[in-house]
Each structure stands twice: as structure tokens, then as C-alpha cells.
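Novice: my questions are about this predicted structure, shown below with the sequence.
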Amino acid sequence: MQVLSIQSHVAYGHVGNASAVFPMQRLGVEVWPIHTVQFSNHTGYGAWRGRVFDGPAIEELVTGLDERGVLGCCDAVLSGYMGSADIGTAILKAVAAVRAANPNALYACDPVIGDTGRGIYVRPGIAAFMAECAVPAADILTPNQFELDLLAGRATGTLSEAKRAVAALHARGPRVVLVTSLATDATPADAIDMLAAEGGAFWRVRTPRLALSVNGAGDCIAALFLVHYVRTGSAALALGMAAASVHGLLRRTLAAGSREILTVAAQDEFVAPSETFPVETV
């Protein structure tokens, strides 16, 4: 399996490609990373160095891959943090080029826009680009709850409301939607839910809520879910495997008291999670 992953990168820590690439490689996937930004560290530290690349820089790299004649071998494109709307346009051009070479290739879009408590944290124009362009182009969409509400244009305080919001996104293009973190009135205070949907069916995994705040977990979840979905063809199976791995990763991060997720130290969780959780039809 070969994946073109286009998202942010940091030299120190694990967000964007620095969070997504290694877990996929640990699962035996050949990953072609293209960075939309390169920063010294994630922006949650309040200070960082580096720069945002532009659309033409992304297009140039994809052209180079095309010149190698490898796009037909690409099974999926994964995108995350874009940095600017013109980078988004370049990503969709990359998706079109891959699909032209391999019509069976999938596009998984992690619509990085914001989060509960933080609001929108991307540059102006990116949220509109996600809603108007990226969502219709995606086969797989992996929003968090804040992004689900924003893209669907409705609140999701109940499970029924969340399902209706997911259905609204399905109607705009993506055949698979994974909500990477979901808290409704049905979610116990000591738990967090993940919800996956495909073909009118919905599945939920509930894991213990952990007392930590780290960056990069959503990037890892999207990558793991994509790999497992491509391999199994089942959103339910992919949900269960991705949720187990990420919970194990976060549990070990919490135990170590680390501000950065332990992507390398906890790598066994990607191939053999230490704990699994039931996948319920809801």
C-alpha cells in the first residue's frame, strides 16, 4: 500500500506528517510525505519558527512524482493542515492527478479547521475552502466534533443530531465519515466517543476519557483509519482498530507525563493495541 500524505510538519514533536507518517510506516505502508508547512514545533507552544509553503511548491513536488511514473501506484491521498487556501487547491489538483492515474485511489481529508474551546485557528479562507471544495472531493472525511458542527451547519448535542450532521456531509460527497471525538448527552463524563458512518450505517466506539491535552492525535487517527479502511473495506473495522491504537498511544503518553504524544516510544500500539473496545451499531 502506498499513500501520498500532504499536510504540515514539525521538526520537534508529533503533529501533521510528523504524527501521521510513522504510524502508517509501522503498519507496512509506503508513505510519500509532502509538507504544507515546516515549523520548528507545533503552534500550541505559543512560539515557533518556520514557514508556510505555497500552492505552486506543492504542485511542483506532485509533478515530480508524476514524472517518475508512480502516481498509478498510489492507493490513497491523505490531507491535513493546509496552511492556506491555495495549498488546498494544489492538494485537490494532486488528488485529480492520482485519480487519473489510478481511478481506485481514495482521498481522505482531515478537515483541520479548529476545535472545541479554541474555535477556528486556521487562516481566513481555509474553512470556506474545506466546506465548498474539499468536502465534495473527499471519499473519507475525518472531522472532530467542532468541525462536524461547522461543516454541517448544525449543533450536535445528541447522538441523533450527530448522525443527522454526518448524513448532511454524506449528501455532499464523502462516502465515509469518521468523527474523531464526540461528546453528546449520551456520552458519560468519563468517556469520549468516536463515530463512523458509511452507506447509511453508523458505528460508535467509546473509550475512557484521559486527563491530558496534546496535539497531533487527530492526525494519527486519520492516518490509521485510512490504512485500515483501505485494507479491510470496512468503516466499522477501521474504527475499532484506529480507536484502540490511539487510546493506547494517549494512555502511554499520559503515563509518561509527556507534552508530545509518544509516537515512537508507543509504536507497538499501532500494530498490536494493548486494549480493544467494542464497536457498537447505533
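Specialist: Received the coordinates, thanks.

Novice: secondary structure element holding Leu249?
Specialist: Leu249 belongs to helix 235-256 when assigned by DSSP states H and E.

Novice: what's the burial count for the closest residue in space to Ala137 that isn't next to it in sequence?
Specialist: Closest residue to Ala137 apart from its sequence neighbours, by C-beta to C-beta, 6 or more residues apart in numbering: Leu92 at 5.5 Å. All C-beta spots, glycine's among them, are computed from the backbone N, C-alpha and C. For Leu92, the count of nearby residues is 20 (other C-beta atoms under 10 Å).

Novice: just to be sure, Leu92 is in a helix?
Specialist: Yes. Assessed by DSSP: H, G, I helix; E, B strand; the rest coil, Leu92 belongs to a helix.

Novice: so what's the gap between the helix holding Leu249 and the chain middle?
Specialist: Relative to its chain's centre, helix 235-256 lies at 14 Å (C-alpha atoms, centre = their mean, to the nearest Å).

Novice: isn't the residue nearest to Ala137 up against Ala134?
Specialist: Yes. If you go by C-beta atoms under 8 Å, Leu92 and Ala134 touch, sitting 7.0 Å apart.

Novice: now stretch 198-206: buried residues?
Specialist: 198, 202-206 (16 or more other C-beta atoms under 10 Å).

Novice: again, but for stretch 113-121
Specialist: Result for stretch 113-121 [16+ other C-beta under 10 Å]: buried residues 113-115.

Novice: which stretches of the stretch 51-200 of the chain form helices?
Specialist: Here the stretch 51-200 of the chain has its helices, by DSSP state H, counting those that start in this stretch, at 55-67, 85-101, 126-129, 135-137, 145-152, 159-170.

Novice: for Pro43, what are its contacts?
Specialist: Quick fix: residue 43 reads Thr, not Pro. Contacts for Thr43 (C-beta atoms under 8 Å, 6 or more residues apart in numbering) come out as Tyr121.

Novice: tell me which of the helices of the stretch 51-200 of the chain sits nearest to Met241.
Specialist: Of all the helices of the stretch 51-200 of the chain, it is helix 159-170 that lies closest to Met241, at 20.0 Å by C-beta to C-beta.

Novice: report the central residue of this protein.
Specialist: Ala222 (3.0 Å; C-alpha atoms, centre = their mean).

Novice: if I look at the spatially closest residue to Gly248 that is not a sequence neighbour, what pLDDT would I see?
Specialist: Spatially, and ignoring its direct neighbours in sequence, Gly248 is nearest to Glu269 (3.5 Å; C-beta to C-beta, 6+ apart). Glu269 is assigned a pLDDT of 98 by the prediction.

Novice: can you verify my assumption that Glu269 contacts Arg252?
Specialist: Yes. Using C-beta under 8 Å, Glu269 is in contact with Arg252, at 7.0 Å.

Novice: tell me which of those two has more neighbours.
Specialist: Higher neighbour count among Glu269 and Arg252: Glu269, with 24 against 17, using other C-beta under 10 Å.

Novice: OK, contacts around the more buried one?
Specialist: 244-246, 248-249, 252.

Novice: need the phi and psi values for it.
Specialist: For Glu269, the backbone dihedrals (degrees, to the nearest 10) come out as phi -60, psi -20.

Novice: likewise the one 5 residues further on?
Specialist: Taking degrees, to the nearest 10, you get phi -70, psi -20 for the backbone angles of Ser274.

Novice: in this structure it contacts Leu250, no?
Specialist: No. Between Ser274 and Leu250 there is no contact under C-beta under 8 Å: 11.8 Å.

Novice: who's more crowded, those two?
Specialist: Leu250 (21 against 13).

Novice: what's the closest non-adjacent residue to the more buried one?
Specialist: In space, Leu250 is closest to Leu210, 5.4 Å off (C-beta to C-beta, 6+ apart).

Novice: for the residue nearest to Ala137, give me its contacts.
Specialist: 133-134, 137.

Novice: what is the nearest of those residues to Ala168?
Specialist: Ala134 (15.4 Å).

Novice: sweet, I'm off.
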